[in-house]
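> next comes the sequence, and after it the predicted model I'd like to discuss.
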Amino acid sequence: MSNVNNAVREVRRISAMAQQDKWLNRVHPLAKLGVTVLYIALAVSYTANEGIGLLGMSVYPITLFVAGDISAADSLKRLRAVLILVCAVGILNPFLDTRPAGHIGSITVSAGVVSMLLLAFKGVLSVLAAYLLMATTTVEKLCSGLYSLHMPKLLVTVILLTYRYITLLMEEAGRLQQAYALRAPGQRGIRPAAWGSLAGSLLLRSMDRAETVYESMCLRGFNGAFRVSAGRMRWSDLLYMIFWAVLLVLVRLFIFQ
Amino acid sequence: MHMADALIVPTVAGTMYAASAAAAVYSVKKVRQEDDAKKIPVMGVMGAFVFAAQMINFTIPGTGSSGHLCGGMLISAILGPYAGFLAMIGVLFIQCILFADGGLLAFGCNVWNMAFYGCFAGALLIWKNIMKNGVTRKKIIAASVIGCVATMQLGAFSVTLETLASGVSALPFTAFVSVMQPIHLAIGLAEGCITAAVLVFVYQARPSLLWGIGTADEDQAKGSKGRLSYRSMLAVIAAAAAVTAGGLSVAASSFPDGLEWSMEKVAGSSELEADGGVYEAAQQIQDMTAVLPDYSFKDTDTVLGTSFSGIAGGIAVMGLCIGCSCLFRFFKRRNVKNSH
Amino acid sequence: MDDMYIKIDSLSFAYGRYEPVLENISFCAKAGESIGLVGANGAGKSTLLKLIVGLELDYQGQLCVAGMRMEKKNLPKIREKTGYVFQDSESQLFMPTVYDDVAFGPYNYGLSGQQVQQRANEALEQVGALHLKDRPACSLSGGQKKLVSIATVLAMQPEAILMDEPSAALDPGNRRNLIRLLNSFGQLKLIASHDLDFILDTCERTLLIAGGRIVRDGPAEQILTDRELLESCGLELPLSLYGNRVRAGQTAEPAG
């Protein structure tokens, strides 16, 4: 029942963290996004027989956690969901692929085990990288960055509005669910009889809210899209991007091959 | 159903990004054509609604488990396929960057698997078709259930294809499909029932909110034009599916690392050399400069060699981490000094 | 009569084919006046305000604002001069940060970057919320949200400010703050509320609305102390007029 409220708290926490005025938060959103995407792309491109090289890729998250003063403990919670998914896909690999791939001491390790571990490690690294991005970059900065990459203004406006109203509507959903639970002790979820009316009334209320939002936009001269502007890229942002791009590509190509 | 970054390779990700981006551009064009400024706040707030509604637990009677709303079908039954698709992109984007649900690289896949099918196939092929001659309660239920099941099946099938094309699972295609499809049949049915319940409620409380009811008269006025666009839409979706499937397989084969492994199983040979000058050149430089050349999990490696190179590599990574951290610390201090 | 900012003559309005919400409303408002619209829930206060900013155009009768007839082609000009503060601040604050929100109106009305900045800063300064500038709207308290949503309207430098239940959901401290703030404004104010104490503290003139009609129009002190009249319209005397007697459990009687 409390997963809605937990989610609200989580959104607030992440948003507050992204708003801090630390050096990593000040780096241009596009520089961080570019590095993150490059990093994930490089990390997931490792294949089973160069698997151990993936260890080298951990240089990026470790450095940023340390140098960026970001608590790694919070990020670990994120890993759970991804690890479950990744393991569900990879869990059968050890059984299906039993070719020997190497030895640790006197134990033979099968290729399936290697590929499963590789998959799990890729999952960890990609989530950590995404977490580092979202812990240091606000949604609006990211959106304005994407806008300067020619993402349609309409889409940017819709994303910003959704972001603005998620906590509000999640809180409302949480209240509805609580109100239901208080009068239906012992039930774990919403009974089918109330499915339509509970979610439906939330929908109608959301529509009403959209109506007032629209009115309030009109009264202040809304003309179809928000104004968004990303700050200029500074030399230091460019340097940040180049530094990581070069380092990560070098690590990908040369370490542990 | 959120794809994770770890499950795909960059080429598959790129292909799916391209496919989703094409659908998004088309939708933006369509929504702009409608020229209804009111639709924008409605899209934004409805996106937030889907986000919130996804977190409500609905008890599935007789099973003890709970179902959730995914929202693609629901949102396009209210906003129509194009606006619904864009709103769903917003939802997935925020999930991706606030909750790390589905990765940044897999975002294109997620948009395709969860939003494209739900909005385009669900709304244009199923909802619109069933509601052609007026809306009734039964039709809403039928359209919701069929729509959710069908779009969920398509989505699950895409997940299977994307994962297999990336070569991360040793499962053969048939096994993967026979696991994925039935699970998502159940999920789709549950979602269909929830969607139906919500839409029926909306239909009774405020029918004008449903997509197609307000515009039904317009469509009839347009006459054959409406049918034509429907048929062309079918063609567009079929073409898109074909292009995506083709693109995926081309992507997979042009990137042998991913499929190498499954090919190996099929062909029984491990000799699928990556050709291309870049790879060869990289290989040569690697051989010359790698920390410990020829390091790999091979039977011929001695135990000593394996552990030695492992330790050496570990030290190298640690050294790199410390070096980078110090570097950034230095810059940070300078930055702070400058700003004071 | 030409110095009248709002001129309304035998105005009626209904949502679609439903029962009329407003019937035969007539009143005028001068620039700089402060007018309270009081009435029970569903009396038509909010609808009247929405008509004055042109959120509903399907009315009958005469409605002129700032010397212009209320019709679609005049809307941008009327809205530039007439600010509306929604009851629910959440709907009013839709931009990512407080500053973006306050700058939204001036920007859309085509002011230059520098002017927009100046207007936004002045408006935030005026309501004492300049320090909240970079905060996202969702992190504000209820009182702060109200102040900021007033700033979004002030940034347009309106000649009239319309408010729907401004004191709802405010704690006593924030409420007092708001009263002080409103009393410092020189613009025409039209405040709809059933918080009669609030109206008594902020408005000189009061329109009492019941069942979609104006029942009485006159000085606030006069209408808001008329117990019989208020009770016949589903309202009660402002608490401040009861003195301490309500707490003592005695029969309530006006102190003044």
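It's in.
> close enough to count as contact, residue A:43 and residue A:123?
No. Assessed by CB atoms under 8 Å, residue A:43 is found out of contact with residue A:123, at 9.8 Å. C-beta coordinates here come from the backbone N, C-alpha and C atoms, glycine included.
> now list whatever residues contact both of those two.
residue B:5 (CB atoms under 8 Å, 6 or more residues apart in numbering or on different chains).
> quick check: nearest residue in space to residue 135, chain neighbours excluded?
Assuming you mean chain A. In space, and not counting its chain neighbours, residue A:135 is closest to residue A:17: 5.0 Å by CB to CB, 6 or more residues apart in numbering or on different chains.
> try chain B instead
Distances taken as CB to CB, 6+ apart place residue B:213 nearest to residue B:135, at 5.7 Å, with adjacent residues excluded.
> count the residues that sit near the one you found.
Look at residue B:213: counted by other CB atoms under 10 Å in any protein chain shown, it has 14 neighbours.
> now do the contacts for it.
B:131, B:135, B:207.
> if I look at the last one, how far off is residue A:171?
Using CB to CB, to the nearest Å, one gets 28 Å for the distance from residue B:207 to residue A:171.
> between these two, which one's more packed in?
residue A:171 (16 against 11).
> need the contact list for the more buried one.
A:4-5, A:8.
> take those and write them to CSV, including pLDDT.
As requested, the contacts of residue A:171 are exported to CSV (pLDDT from 0 to 100):
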residue, pLDDT
A:4, 81
A:5, 81
A:8, 86
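> now the buried members of those.
By neighbour count, with 16 or more other CB atoms under 10 Å in any protein chain shown, those hold A:4-5, A:8 as buried.
> which of those residues sits closest to residue B:163?
For the buried ones among the contacts of residue A:171, the minimum distance to residue B:163 (CB to CB) is 30.3 Å, reached by residue A:4.
> wait, that closest one sits on residue B:53?
No. In terms of CB under 8 Å, residue A:4 does not count as a neighbour of residue B:53; the distance is 10.1 Å.
> now for the two: what residues contact both?
residue A:173.
> quick one on the thing from earlier: name the nearest of the buried ones among the contacts of residue A:171 relative to chain B.
Minimum separation from chain B among the buried ones among the contacts of residue A:171 (CB to the nearest CB) is found for residue A:4, which lies at 4.5 Å.
> what secondary structure does that closest one sit in?
helix (DSSP: H, G, I helix; E, B strand; the rest coil).
> name the element the closest residue to it other than its chain neighbours belongs to?
Nearest residue to residue A:4 in three dimensions, chain neighbours excluded: residue A:174, at 3.7 Å (CB to CB, 6+ apart). Using DSSP states H and E, the element containing residue A:174 is helix A:153-182.
> chain center to that helix: distance?
Taking the mean of its C-alpha atoms, helix A:153-182 sits 18 Å from the chain's own mean (CA atoms, centre = their mean, to the nearest Å).
> what comes up buried for it?
Applying 16+ other CB under 10 Å to helix A:153-182 flags A:153-174, A:176-177, A:180-181 as buried.
> stretch B:15-29 too?
B:15-20, B:23-24, B:27-28.
> which of the residues you listed are close to chain A?
By CB under 8 Å from any CB of the partner chain, the members of the buried residues of stretch B:15-29 lying near chain A are B:24, B:28.
> my guess is residue C:109 contacts residue A:222. True?
No. Here residue C:109 lies out of contact with residue A:222, judged by CB under 8 Å, at a distance of 10.8 Å.
> those residues of chain C touching chain A, which are they?
Contacts of chain C with chain A, taken as CB under 8 Å from any CB, map to C:50, C:53, C:55, C:76, C:79-80, C:83-84, C:86, C:88, C:90-92, C:94-97, C:100, C:104-105, C:107-109, C:134, C:136-139, C:152, C:156.
> quick check on these: which are buried?
C:50, C:53, C:55, C:79-80, C:83-84, C:86, C:88, C:90-92, C:94-97, C:100, C:104-105, C:107-109, C:136-139, C:152, C:156.
> restricted to strands, list those residues.
Applying DSSP state E to those, the entries found in strands are C:83-84.
> once you drop chain neighbours, what's closest to residue C:102?
Nearest to residue C:102 is residue C:120, by CB to CB, 6+ apart, at 4.3 Å.
> tell me the spacing between that neighbour and residue C:161.
Plainly put, residue C:120 is 17 Å away from residue C:161 if you go by CB to CB.
> again, but for residue C:78
Distance of residue C:78 to residue C:161, computed by CB to CB: 14 Å.
> show the low-confidence segments of the stretch 101-250 of chain B, by residue range.
For the stretch 101-250 of chain B, the stretches with pLDDT under 70 are B:214-250.
> that one: strands as residue ranges?
With strands called from DSSP state E, counting those that start in this stretch, the stretch 101-250 of chain B shows none.
> which stretches of it form helices?
Using DSSP state H, counting those that start in this stretch, the helices assigned to the stretch 101-250 of chain B run over residues B:107-110, B:128-130, B:137-166, B:173-205, B:213-222, B:224-254.
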